[in-house]
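> Generate a structure from the sequence data that follows.
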Amino acid sequence: MSELEKLEEHVQSLSPDDLKQFRAWFAEFDARAWDEQIEADSKAGKLDALVSEALAEYKAGKTREL
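Below you'll find the model as predicted:
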């Protein structure tokens, strides 16, 4: 049995309260990982093209306020 399968099995056996706590923990964990990846991509210049495109559309009046 793989580590992932073991984890899935364990999560399925959690009580409703423990599952609720796990969900909250995982949501925070996942958000933090996402933020770290965006920051790393930004520092590496991987988002530069998207930023340039968005700024060009804004300057050309192709955007609207929400």
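
> what's the single longest helix in the chain?
Secondary structure of the chain per DSSP state H: the longest helix is helix 16-43.

> Let me see the mean pLDDT of that helix.
For helix 16-43, mean pLDDT rounds to 98.

> same check, this time on stretch 2-9
Mean pLDDT, computed over stretch 2-9, is 97.

> Show me what it is in contact with.
Contact with stretch 2-9 is made by residue 1, as judged by C-beta atoms under 8 Å, 6 or more residues apart in numbering. Glycine gets a C-beta too; all of them are placed from N, C-alpha and C.

> Check which residues of it are buried.
Under the neighbour-count criterion of 16 or more other C-beta atoms under 10 Å, stretch 2-9 has nothing buried.

> that older thread, what comes up buried for the longest helix of the chain?
Quick answer for helix 16-43: no buried residues (16+ other C-beta under 10 Å).

> helix or strand right after that helix?
As assigned by DSSP states H and E, the chain's next helix or strand after helix 16-43 is helix 48-59.

> so what secondary structure elements neighbour that next one?
If you count contacts as 3 or more C-beta pairs under 8 Å, 6 or more residues apart in numbering; DSSP states H and E, helix 48-59 packs onto no helix or strand.

> and that helix, how far from the chain's centre?
In terms of C-alpha atoms, centre = their mean, to the nearest Å, the centre of helix 48-59 is set 22 Å apart from its chain centre.

> Let me know the angle separating it from helix 16-43.
80 degrees (axes from the mean of the first three to the mean of the last three C-alpha atoms, to 10 degrees).

> Mean confidence (pLDDT) on helix 48-59, please.
So the average pLDDT for helix 48-59 ends up being 95.
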